[in-house]
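Participant: Would you be able to build a 3D model of this:
(2 chains)
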Amino acid sequence: MTPMVEALGIHKSFGATRVLRGVDLVVQPGEVSCVIGPSGSGKSTLLRCINHLERIDSGRLRVDGHLVGYRERNGRLFEMRESEVAHQRRDIGMVFQRFNLFPHKTAIENVMEAPVVVRRQDKAAARTRAVELLDRVGLADRRDNYPAQLSGGQQQRVAIARALAMSPRLMLFDEPTSALDPELVGEVLDVMRGLAREGMTMVVVTHEMGFAREVGDALVFMDEGVIVEHGAPREVLANPQHERTRSFLSKVL
Amino acid sequence: MTVRPDRPEPMNAVPVRHPGRWVAVAVLAVLAAMLVHTIVTNDGFGWPVVGDYLFSPPVLNGLKNTLILTVLSMAIGIVGGVLLAVMRLSPNWILSSVAAVYIWVFRGTPLIAQLLFWNFLSALYPRLSLGIPFGPEFVSFDTNQLINQFAACLLGLGLNEAAYMAEIVRGGIASVEHGQTEAAGALGMSRAQTLRRIVLPQAMRVIIPPTGNETISMLKTSSLVVVIGYFELLTSVQRIYSVNFQTIPLLIVAALWYLALTSILSVGQGFIERRYGRGLQTGPPGPSLLGFLRRSPQEVAP
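Facilitator: Numbering: from 1, shown residues only, chains lettered A, B, ... in the order given. Predicted coordinates for the structure are as follows:
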């Protein structure tokens, strides 16, 4: 089976700062991988490399068997054109820490935007699907609200619906609950739990250890640009093998 | 508002007094009375003359030219400004530097010089032609026929305005959070789609107020076309008072028209600002023309 995400020896620097220093990661279809680690460990950068929001410096990164951002022909790498990168991103959904909803569009317009503009879907069909998706995240009655009229948790759920509207094969979550008030975290995690149950392949950068333990198929602990520990969530959380994992977990658990 | 029994009793506090404001009002009232008095009693204002000329054909003709020049120059300026701003922000360094040089030249030289340049282009190039560089020509025009006085006015005012608008639009685009571009990109939208559908509509909020400024300023700047012998509102009244020496009344005629146009523009600007402010204020959106067609009244989030 082709892995959904296959990262081999990923390196990435911002100027002199080496953010990723040889990361290997495989995520199988239908798997939920949770990535944890202290801030600055490179976990968000790794996630952003997967849909080419950041360009990797070396290594090979494939999504569903295809190199991200590059094409290989006769043993040589060719950079993709912007339009080709955009085409690749259609199948990879992303949810951001700060939601990044389009503030000038209502909830339903946010969800319809990409299907109509990118996939050239018929407006009526896109609207029907958007209503379904908003219903699924529990916000059918909020469809005509602008993001500023929604709570953080509601905004994040619209953002998830917006990403799902493109029918992605892979969903990336970049600390989706970190900007939320504590009592709103649950509603977003519930939606993500539902997605995982339906078999969506997900890579989730998170600080929610409970979610990782309950929903995750794999737990990845990153520190200083490398993956320190990688295994079944229950085992990693209950019985960490490395000192760095242990000291991190003792602070957050 | 009636006080409902289940509500707590309102604060019956004495509000802060502002005696200074009453003094200010009194002073202003006296000054205003003096102003009205002098306007009415000083014959130098020549109100009957103002009345005679306010709607006279030469003044209205000048007004028409002012409007045409302002509208067309601003149209050139806005379209050109958006193009230049997008070029300036492009990752393509060739486009970016072309825009930078354009802005440098057109902001860096006097508008009067630019107007004169376009008008006297024929002195530099008597004929303009289309053809293969250094090769045969296909069509050729007499420069003076191609660029008449009116065209020179539009080129001068419009191309100059584009340079200023470019910086305004660039500022607007830069004001939109980078996360918006990333979110659009992550959904598979192209750079052009992101710019047109996501970034520019949000940038409009920042772009509109200075554009209103530019338009109001253009109303009056367009009077510079006098240097190449064209005429508009201010030139028209100058021509009249240079003959009948009723300088003050005729300047008042021009001022009244400029004030009227500026007022109309300000109202229009308010409407446009509201249109692009959608979703950016908290609370329910203001009443819209089609609001009553909505199924359910909009509620505010808890």
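Participant: just the strands in the chain please.
Facilitator: No chain in the question, so chain A it is. In chain A, the segments counted as strands under DSSP state E are A:5-14, A:17-27, A:32-36, A:58-63, A:66-67, A:70-73, A:76-79, A:92-95, A:170-174, A:201-205, A:218-223, A:226-231.
Participant: oops, I was thinking of chain B
Facilitator: Under DSSP E, chain B gives strands at B:127-131, B:137-142.
Participant: Return the list of strands paired to the shortest one, each annotated with direction.
Facilitator: The strands beside strand B:127-131 in its sheet (DSSP bridges) come out as strand B:137-142 (antiparallel).
Participant: any idea how far the partner strand is from the chain center?
Facilitator: Remark: strand B:137-142 is offset 36 Å from the chain centroid, using C-alpha atoms, centre = their mean, to the nearest Å.
Participant: same check, this time on stretch A:107-122
Facilitator: In terms of C-alpha atoms, centre = their mean, the centre of stretch A:107-122 is found 20 Å from the chain centre.
Participant: In this structure A:F78 contacts A:R71, no?
Facilitator: Yes. With contact defined as C-beta atoms under 8 Å, A:F78 counts as touching A:R71 (4.7 Å). From N, CA and C alone the C-beta is placed, and that goes for glycine too.
Participant: Tell me who's in contact with B:L83.
Facilitator: B:A162 (C-beta atoms under 8 Å, 6 or more residues apart in numbering or on different chains).
Participant: for A:I50, same thing?
Facilitator: A:5, A:7, A:61, A:63, A:68, A:92, A:170, A:172, A:203.
Participant: do the same with B:R197
Facilitator: So B:R197 contacts A:113, A:117, B:184, B:189 (C-beta under 8 Å, 6+ apart).
Participant: first to last residue in stretch B:181-201, what's the distance?
Facilitator: For stretch B:181-201, the first-to-last residue distance is 13 Å (C-alpha to C-alpha, to the nearest Å).
Participant: which residue packs closest to B:A186, ignoring adjacent ones?
Facilitator: A:M94 (4.0 Å; C-beta to C-beta, 6 or more residues apart in numbering or on different chains).
Participant: for A:P176, same thing?
Facilitator: A:V95 (5.0 Å).
Participant: List the buried residues in the longest helix along chain B.
Facilitator: Longest helix of chain B, by residue count under DSSP state H: helix B:57-88. Of all the residues in helix B:57-88, those buried under the rule 16 or more other C-beta atoms under 10 Å in any protein chain shown are B:59, B:62-63, B:65-67, B:69-70, B:72-74, B:76-78, B:80-88.
Participant: all helices for the stretch 151-253 of chain A, in order.
Facilitator: With DSSP state H, counting those that start in this stretch as the criterion, the stretch 151-253 of chain A has helices at A:152-164, A:182-197, A:209-215, A:233-238, A:243-252.
Participant: what angle do the last one and strand A:32-36 make?
Facilitator: The directions of helix A:243-252 and strand A:32-36 differ by 90 degrees, with axes from the mean of the first three to the mean of the last three C-alpha atoms, to 10 degrees as the criterion.
Participant: now swap in the second one and tell me
Facilitator: Relative orientation of helix A:182-197 with respect to strand A:32-36: 140 degrees, computed using the same axes, to 10 degrees.
Participant: same for helix A:182-197, what does it pack against?
Facilitator: Judged by 3 or more C-beta pairs under 8 Å, 6 or more residues apart in numbering or on different chains; DSSP states H and E, the packing partners of helix A:182-197 are helix A:152-164, strand A:201-205, helix A:209-215.
Participant: and A:I227, which of these is closest to it?
Facilitator: Closest to A:I227 of the helices and strands packed on helix A:182-197 is strand A:201-205 (C-beta to C-beta; 12.7 Å).
Participant: Leaving out the residues flanking it, which one is nearest to B:V199?
Facilitator: Here the residue nearest B:V199, using C-beta to C-beta, 6+ apart, is B:V176, at 5.0 Å.
Participant: Okay, the one you found and A:L150: tell me how far apart.
Facilitator: The gap separating B:V176 from A:L150 is 20 Å, by C-beta to C-beta, to the nearest Å.
Participant: Output the set of residues of the stretch 101-250 of chain A in proximity to chain B.
Facilitator: Contact residues (C-beta under 8 Å from any C-beta of the partner chain) of the stretch 101-250 of chain A with chain B: A:101-106, A:113-114, A:117-118, A:141-142, A:144-151, A:154, A:162-163, A:166.
Participant: Next one: the residue nearest to A:E84 when sequence neighbours are not counted relative to A:R120, how far apart?
Facilitator: Distance criterion C-beta to C-beta, 6+ apart; nearest residue to A:E84, sequence neighbours excluded, is A:R71 at 7.8 Å. From A:R71 across to A:R120, the span is 24 Å (C-beta to C-beta).
Participant: Same question for B:G270.
Facilitator: As judged by C-beta to C-beta, B:G270 and A:R120 stand 36 Å apart.
Participant: Go ahead and build a ChimeraX selection from the buried members of the residues of the stretch 101-250 of chain A next to chain B.
Facilitator: Here is the ChimeraX command that picks out the buried ones among those, judged by 16+ other C-beta under 10 Å:
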select /A:101,102,103,104,105,106,113,114,117,118,142,144,145,146,147,148,149,150,151,154,162,163,166
